[in-house]
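Colleague: Fold the stuff below for me.
(chains A, B, C and D)
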There are 2 protein chains.
Amino acid sequence: MRTLGYAILSLLSREELSGYDLMGRMRERVGFFWSARHSQIYPELAQLEEEGFVTHRLVEQRERPDKKVYEITEYGLAALKEWVIEPPSVRATRDEMTLKAYSIWLADPEEAITLFREQEQKHQEQLQRYREIEAWMKEEWGADLERIDSHHFASYAALRRGIGYESEYAEWCRWVSDSLERGV
Amino acid sequence: MRTLGYAILSLLSREELSGYDLMGRMRERVGFFWSARHSQIYPELAQLEEEGFVTHRLVEQRERPDKKVYEITEYGLAALKEWVIEPPSVRATRDEMTLKAYSIWLADPEEAITLFREQEQKHQEQLQRYREIEAWMKEEWGADLERIDSHHFASYAALRRGIGYESEYAEWCRWVSDSLERGV
DNA sequence: TGTACCATGTAATTGGTTACATGATTAC
DNA sequence: GTAATCATGTAACCAATTACATGGTACA
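Modeller: As a prediction, this is how the structure comes out:
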């Protein structure tokens, strides 16, 4: 199965959703570590249904277009449960910024400093957004964050990765720009 | 231009290489943040040559197959220099492990702990390899690591990203498995 | 009258992996 | 003989992005 399929199942295991709402959840909830466009989501949902992982029912709406609401099946949930404890398939990490750093000796230092300061800022801002979500989660969900069989714990675990990732990234950018500044 | 093209130019800006040697350098030097198979490298070299970024000459060898040795052109170097100071194109970050964490509430805790401990181990080992390279660089290159117009500095900057990335990743895995253990 | 949001698709293209293909030399 | 390394390619396939396509409602 495709990883995107599991990404979709992971959202449907929490609530039933239309393709359109799934797009939104994808963006808000798992977007920072898995994302997809609607042009990938709609065909994937059809595929998942064909394979028996999800079903849909038509919901007619008066003042909006009708929609297909998807629900995970028992079979889909079982597949998701199996997948979560399997070691991940090795996927190449690709990071353009690190590649640029590898050639930074060719750059004008001033321009390089600007680039890395800007990137640091970007990651700092994302970190800030995550920290706000973290504060919200702690207030809203409280002790649930430690209940390992609650989806709140799982959401928090993923968020922690986002926090760690952005904070490390920002720190690295700062280290590079500081080094460049000292070297000028 | 394709990012792979710049990855190749970044290696050719340091030394001239055959497609085969480029593969090796790719694996050893930039593999952790940009990788490619030979089936992608050979056509990319042809493309880069067509576009005027590199040239090649045939090197005949007595006791090995002949090879094409590629060299970056002035035009290629100029393009690389422009690219390094441009903000990177936004690329979606995809991390299957974080996606699994998002569904970890569905898993058997014991099995989940095993998974995250194993992953922590994996990242810890990679971190160890990077730390060894770091020690080697410091001994071998010394003060060059601070000379911002030296490719040694640039190599070190990229390595620092690898160190930060792996160390943060290992730490997150440990946090998840510890949380799971406390929750059992 | 125009913009934003709701809602769902297909087509073309690019980037990347896996598989297919060939052939020489060196060392065990 | 046979496995490893050197050396270079093409073809098929999958995943993902960009572009094409349609049409409804709400609100300013």
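
Colleague: what kind of secondary structure is residue A:135 in?
Modeller: Reducing the assignment to helix, strand or coil with DSSP: H, G, I helix; E, B strand; the rest coil, the entry for residue A:135 is helix.

Colleague: got the contact list for it?
Modeller: When contacts are counted by Cβ atoms under 8 Å, 6 or more residues apart in numbering or on different chains, residue A:135 touches no other residue. Glycine gets a C-beta too; all of them are placed from N, C-alpha and C.

Colleague: any idea how far it is from residue A:145?
Modeller: Using Cβ to Cβ, to the nearest Å, we find residue A:135 at a distance of 12 Å from residue A:145.

Colleague: next one: residue A:57
Modeller: In this view, residue A:57 and residue A:145 are 33 Å apart by Cβ to Cβ.

Colleague: do the same with residue A:122
Modeller: Residue A:122 is 28 Å from residue A:145, by Cβ to Cβ.

Colleague: So between the two, which is more surrounded?
Modeller: residue A:145 (20 against 16; other Cβ atoms under 10 Å in any protein chain shown).

Colleague: mind checking which helix or strand the nearest residue to the more buried one once chain neighbours are set aside is in?
Modeller: The spatially closest residue to residue A:145, leaving aside those adjacent along the chain, is residue A:156, at 4.9 Å (Cβ to Cβ, 6 or more residues apart in numbering or on different chains). In this assignment (DSSP states H and E), residue A:156 forms part of helix A:151-183.

Colleague: and that helix, what's its mean pLDDT?
Modeller: With pLDDT averaged residue by residue, helix A:151-183 scores 98.

Colleague: domains for chain A, by residue range?
Modeller: Per automatic domain parsing, the structural domains of chain A span A:3-84, A:96-183.

Colleague: out of those domains, deepest packed?
Modeller: domain A:96-183 (a mean of 18; mean count of other Cβ atoms under 10 Å in any protein chain shown).

Colleague: and the end-to-end length of that one?
Modeller: Distance across domain A:96-183, first residue to last, is 23 Å (Cα to Cα, to the nearest Å).

Colleague: now the strands for chain A?
Modeller: Under the criterion DSSP state E, chain A contains strands at A:17-18, A:54-59, A:67-72.

Colleague: From the contact counts, what lies against the first one?
Modeller: Under the contact definition 3 or more Cβ pairs under 8 Å, 6 or more residues apart in numbering or on different chains; DSSP states H and E, strand A:17-18 sits against strand A:67-72.

Colleague: Repeat that for the last one.
Modeller: Judged by 3+ Cβ pairs under 8 Å, 6+ apart, the packing partners of strand A:67-72 are helix A:3-12, strand A:17-18, helix A:19-25, helix A:38-50, strand A:54-59.

Colleague: Alpha carbons of the longest one, in PDB - could you do that?
Modeller: This file holds the C-alpha atoms of helix A:38-50, laid out as PDB (Å, rounded to 0.1, in the frame of the first residue of the first chain):
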ATOM      1  CA  HIS A  38      -6.600  17.300  -4.000                       C
ATOM      2  CA  SER A  39      -5.600  15.800  -7.300                       C
ATOM      3  CA  GLN A  40      -3.800  13.100  -5.400                       C
ATOM      4  CA  ILE A  41      -6.400  12.700  -2.600                       C
ATOM      5  CA  TYR A  42      -9.600  12.000  -4.700                       C
ATOM      6  CA  PRO A  43      -8.100   9.200  -6.800                       C
ATOM      7  CA  GLU A  44      -6.500   7.800  -3.700                       C
ATOM      8  CA  LEU A  45      -9.800   7.600  -1.900                       C
ATOM      9  CA  ALA A  46     -11.300   5.800  -4.900                       C
ATOM     10  CA  GLN A  47      -8.400   3.400  -4.800                       C
ATOM     11  CA  LEU A  48      -8.800   2.800  -1.100                       C
ATOM     12  CA  GLU A  49     -12.500   2.100  -1.500                       C
ATOM     13  CA  GLU A  50     -11.800  -0.400  -4.300                       C
END
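
Colleague: sorry, back to before: out of the domains of chain A, which comes closest to residue B:150?
Modeller: Comparing these against residue B:150 with Cβ to Cβ, the closest turns out to be domain A:96-183 (5.7 Å).

Colleague: close to DNA strand C, is that closest one?
Modeller: No. Domain A:96-183 stays clear of DNA strand C (Cβ under 7 Å from any atom of the strand), getting no nearer than 9.3 Å.
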